[in-house]
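Undergrad: Below is the structure, and that's it, no one-letter string:
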């Protein structure tokens, strides 16, 4: 049986391990998983009932959809993502309430599915829109993909009713193959997602037709089959240029990234090195030119799209939570496929900044958009009403399009899967979480490790061998690119290590300990000068965390008028106690007297009269947890003229 | 009879003059009016037929709307704006073809109007949506407003069939008063426009109920009557905060500016100084904090909305053509109401940059969006298809929402109205166009002036008195805020004059000449440091023209990698001959070697290896007339570290 991970393949450089191979016992990721179990996941399940999106399936069973269907056309997918989250959570905890809820959902889906395998509460009933009548915007195959992913997760984690759900998924997938196969209708879904789902279903079932259908969808895209859009034309759904020919990710960011993940899945399973390299090249250019410091992707609210190269405005960053989740999917596939450790850096940066900024501290409200600057205090969402708005600088409990909370739930429940990999020669630890790792590798060998030290808050990572068979094997440890002057210590001997992966090969024995020292002291970061939006500004990072200046820590300051001196010493201080033990960073800055001109452009640089001040920064992901506020990640340099 | 101008009142500090009072004989504005007459206006009329938006009215007459109605819900308004343009053009030229076309339209509308006065081809027929069923998005009162404005223009210009059109407009306005008056349904239109139209209709007809209805609509707005939206909530249509309480313009820029114009009209006619001051304060803050160098307004594609203060990204500037037109309406009303000459600066800046950038040189394609930077070459629109896209860096002949071409047509046809005003003591010239002005003022006095000199291309403005009665009167001349070291010469004596209005009072006689010297030498302009998007960058202006760096004039350069030295001398050179005799400006700059890092953020400022180059700038409004290109107005400073 394949390991219980999102994405599994026999054909990658590194091999994934199951979510049950990693027990996270403390630290940031343990807190996140606890929040997910106690708050986010129950909040998702309760919200789905409250807004009627589960009831839609019951209406399908009753045959009353024409009367009772509520919500937008893609609400089914939120139920499926919640089920996927439940499956991962069951593997982790075996929670009986979750098991019961999951089994109920499966039963409901089995009853709601039509005889020919079709399952979607928005289409295909008397009085409703016809099946496959809106390939551009209809999200039918997108929803099918999420159902399949839930079934794959359940199968891999051996969840209760997994077999029943797999039957549902296969019947639906078989219908998709009949309807959209080589001899059938030559079109595709406006929102990629089915591609990766079908490859995963192939991996679980061994049915090659699912892989072939995924390949067809990937190759069919980019030939201008779908209609024009007002959001950058057919780039919006990546239907302007074939996947193999594209140079960079374009259009709707979540669509582009889900497609990239699916194309990588197809490439890996079919041995298509050209396709793999094409997607890698696109993603690499996207990282170098279209990605926010937080790892967030998507610069434009209009169409939720990527901008042009270096178009990365802070205040209008879209950086959708789901795009960050999807970027983790792509980076993970590339890490496995290529072994390039830098993709693990991307995963970490994206998770602890652009993903983790979405949920509130109580796990019951969420950012849809993860901007890097907020100039005016946000407005609270209207209580009890799914929010139409995604941009107000305050989190909302639920949205009319509520993809983000459920995407968080499935991501957080499966975090353990991203911690380590194996290959023939040994094991690699990519993410340092306090906990225990039980890893099989090579030809039936195994090792048990403990990791401790409180990373990423602290920089000393201790890896202890708890069990090993005494033979030689390699222990790979990631050294993040930001970690200058890192060192690794074994048996009292310390050596400097550079960014990438340090691979330590020896006859490891129980009790052996490796200490990796990563300097998590705060540091200034400068942008590429082509990013106009942050020219002349710097940001602060500490370890993998991006920091932000938020108004509650800097009372009385107009954040549009402050600057920071990158020559100043950064000092660590305890953060506001409301921020859960986080570390603040203080820098020397200045505040400028505002111009009172009636026109904001003129022959001279406006008054730069400044007086010095201390500025207090907090980890970006914690902002907006203390009421309505202003915030900025990038701060103008006090050592340059304005 | 009121003068033939857009906006006329007895209650303003300065009084407008009719479009027929000013004959533009040469120079920029004459070229624009010729382009409008020969290309833009015929293009609008032909396009309206081609896409079926006139035919919709014929279908209404036939009673076949259920079968035949085409286009989006606001297409009627494009016919009305075209009619308004025709009315102004008739006053200017008396063109017989235009007169015939206008008369045909009037006849069609008279037949299409329903018995109770209702007129809108999208609503209220069997099988179509009900009247007033979608106040948020339906645009019914918006369309009614444009019909009324066409009728007002026709009445003021004594166009053929003007009386018939006024009957149609009054019947519709009477219906609006019945349906939305104090005792009727307490709601309002999602798109302001009816407000200013009703006040103008009151001015033409003297019927106080139209003014009262406009006042009701203005006061009714801001009380959260309309539904929430995903575009900044009810701020989108200014229904979140009452007009009197708002601090700055918010939401959809065209809506906000049309509302401001209507509120000013109400304020002026009802003597409501508080309302006038409130709108002036909002507009002033908008100018100081939410306006592009070009005068363009609206920072966000998403919802076509204003951004927060100082949120003015160059590459994603929306700066809709219609918002620029609307800003001219507001500035004109404030100039008349307050006499503050700085609003004439705003009119000029907005017209010659953000409005004039919309039409192509041939007047047959248009920018909907007037961005200040284009990083990647634009895509040509699909031939023969109304464009869904508004953002591709290339102009399109027509749009599915095609508000901009017709708005240009009515603006250009009425340009003469913005040239001069009068008061009891004399006359004021606000815009210098080569031509003849025949101005009545005070108690039946009159003066005839000639203006020459080729401004704004050249800086010497010669004003000659051609006829005067020999008594004392004042001649006011605008000195733009950018004009340092300006001077005025009378009878061989020259004196320095500062920004604002220079008022010259004497017994002017025929043959007297005033020469105003405005230094139109190119200059660097710096932004307020709070505008993050252009920090560390400068722009170039020459006279009222904003300049831009466009790729055709700078072959082989990546405009993302250039910088300009604001200490360098700016040199004027003839522009590319394809740019109609324009003046180019050359500056010394540098080109930087690009970073090849895989991640665009790091501990050091990226390589700043530079080599010097010459950069050639052209007037912004002429860009994108030589095929697909890249462009930027703001250029990073070469004298600062990157």
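TA: Arrived safely, thanks for sending. What you see is a predicted model; the values in this text were computed from it and never measured.
Undergrad: Ignoring the adjacent residues along the chain, who's closest to residue A:565?
TA: The shortest distance from residue A:565 to any non-neighbouring residue, by CB to CB, 6 or more residues apart in numbering or on different chains, is to residue A:638 (4.2 Å). C-betas here are computed from N, CA, C, even on glycine.
Undergrad: Next up, the contacts around that neighbour.
TA: By CB atoms under 8 Å, 6 or more residues apart in numbering or on different chains, the residues touching residue A:638 are A:563, A:564, A:565, A:588, A:589, A:590, A:610.
Undergrad: hmm, try it at 7 Å
TA: Residues in contact with residue A:638 (CB atoms under 7 Å, 6 or more residues apart in numbering or on different chains) are A:563, A:564, A:565, A:589, A:590, A:610.
Undergrad: Please work out how many residues are found near the closest residue to residue A:339 other than its chain neighbours.
TA: In this structure, residue A:339 finds its nearest non-sequential neighbour in residue A:13, 3.9 Å apart by CB to CB, 6+ apart. For residue A:13, the neighbour count with other CB atoms under 10 Å in any protein chain shown is 13.
Undergrad: thought residue A:13 was touching residue A:334?
TA: No - applying CB atoms under 7 Å, one finds residue A:13 not in contact with residue A:334, separated by 10.1 Å.
Undergrad: Which of the helices or strands spans the residue lying closest to residue A:163 once chain neighbours are set aside?
TA: Nearest non-adjacent residue to residue A:163, counting by CB to CB, 6+ apart: residue A:155, 7.8 Å away. If you go by DSSP states H and E, residue A:155 is part of helix A:140-157.
Undergrad: And whatever helix or strand comes next after that helix, what does it pack against?
TA: Downstream of helix A:140-157, the first helix or strand assigned by DSSP H and E is helix A:162-180. If you count contacts as 3 or more CB pairs under 7 Å, 6 or more residues apart in numbering or on different chains; DSSP states H and E, helix A:162-180 packs onto helix A:96-112, helix A:140-157, helix A:194-205, helix A:208-220.
Undergrad: What is the burial count for whichever residue of the stretch 151-300 of chain A sits closest to chain B?
TA: Residue of the stretch 151-300 of chain A nearest chain B, by CB to the nearest CB: residue A:230 (4.2 Å). A total of 17 residues lie near residue A:230 under the criterion other CB under 10 Å.
Undergrad: Could you see whether chain B lies near the strand or helix carrying residue A:409?
TA: Using DSSP H and E, residue A:409 sits within helix A:403-413. No - if you take CB under 7 Å from any CB of the partner chain as the test, helix A:403-413 misses chain B, and the best it gets is 14.3 Å.
Undergrad: The helix or strand following that helix pairs with which strands, and in what direction?
TA: Going down the chain from helix A:403-413, the next helix or strand is strand A:420-423, by DSSP H and E. In the sheet, strand A:420-423 lines up against strand A:15-16 (antiparallel), strand A:426-429 (antiparallel) (DSSP bridges).
Undergrad: Need the pLDDT of the residue lying closest to residue A:114 once chain neighbours are set aside.
TA: Nearest residue to residue A:114, sequence neighbours excluded (CB to CB, 6+ apart): residue A:124, at 7.4 Å. Looking at residue A:124, its pLDDT is 95.
Undergrad: Next, count neighbours for residue A:124.
TA: Applying other CB under 10 Å, I find that residue A:124 has 19 neighbouring residues.
Undergrad: isn't it right next to residue A:132, touching?
TA: No - in this structure residue A:124 lies outside contact range of residue A:132 using CB under 7 Å: 8.6 Å.
Undergrad: Rounded mean pLDDT for the strand or helix carrying residue A:82, please.
TA: According to DSSP H and E, residue A:82 maps onto helix A:76-93. The pLDDT scores in helix A:76-93 average 96.
Undergrad: How about the residues of the stretch 151-300 of chain A by chain B?
TA: Within the stretch 151-300 of chain A, the residues that sit near chain B (CB under 7 Å from any CB) are A:228, A:229, A:230, A:233, A:284, A:287, A:288, A:289, A:293, A:300.
Undergrad: Now flag whichever of those is closest to residue A:522.
TA: Nearest to residue A:522, judged by CB to CB, of those is residue A:293 at 14.3 Å.
Undergrad: Apart from its chain neighbours, what residue comes closest to residue A:616?
TA: In space, residue A:616 is closest to residue A:553, 4.1 Å off (CB to CB, 6+ apart).
Undergrad: again, but for residue A:640
TA: Nearest non-adjacent residue to residue A:640, counting by CB to CB, 6+ apart: residue A:536, 5.3 Å away.
Undergrad: Next up, the contacts around the one you found.
TA: A:636, A:637, A:640, B:535, B:536, B:640.
Undergrad: What pLDDT does the model give it?
TA: For residue A:536, pLDDT reads 94.
Undergrad: Show me which residues of the stretch 501-642 of chain A sit near chain B.
TA: A:523, A:525-533, A:535-537, A:560-561, A:592, A:595, A:597-606, A:636, A:640-642.
Undergrad: now stretch A:577-590: mean pLDDT?
TA: 94.
Undergrad: before we move on, what about stretch A:131-145?
TA: Averaging pLDDT along stretch A:131-145 yields 98.
Undergrad: do the same with stretch A:279-290
TA: The average pLDDT for stretch A:279-290 rounds to 98.
Undergrad: same question, stretch A:55-73
TA: Regarding stretch A:55-73, the rounded mean pLDDT is 97.
Undergrad: How far does that stretch stretch from one end to the other?
TA: From its first residue to its last, stretch A:55-73 covers 14 Å (CA to CA, to the nearest Å).
Undergrad: which helices and strands sit right next to the helix or strand harbouring residue A:59?
TA: Assigned by DSSP H and E, residue A:59 belongs to helix A:55-62. Of the remaining helices and strands, those touching helix A:55-62 by 3+ CB pairs under 7 Å, 6+ apart are helix A:96-112.
Undergrad: in the helix it packs on, what's buried?
TA: If you call a residue buried by 16 or more other CB atoms under 10 Å in any protein chain shown, then helix A:96-112 has these buried ones: A:98, A:99, A:101, A:102, A:103, A:105, A:106, A:108, A:109, A:110, A:112.
Undergrad: OK, contacts around the fifth one?
TA: It stands for residue A:103. With contacts defined as CB under 7 Å, 6+ apart, residue A:103 is in contact with A:160, A:161.
Undergrad: Against chain B, how distant is it?
TA: 36 Å (CB to the nearest CB, to the nearest Å).
Undergrad: Check what pLDDT that residue gets.
TA: For residue A:103, the predicted pLDDT is 98.
Undergrad: Also the second one?
TA: Model confidence at residue A:99, expressed as pLDDT, equals 97.
Undergrad: any idea how far it is from residue A:377?
TA: Noted for residue A:99: a distance of 43 Å to residue A:377, by CB to CB, to the nearest Å.
Undergrad: which element is residue A:590 on?
TA: Judged by DSSP H and E, residue A:590 forms part of strand A:583-592.
Undergrad: other SSEs contacting that strand?
TA: Secondary elements touching strand A:583-592 (3+ CB pairs under 7 Å, 6+ apart): strand A:537-542, strand A:562-564, strand A:571-574, strand A:610-619.
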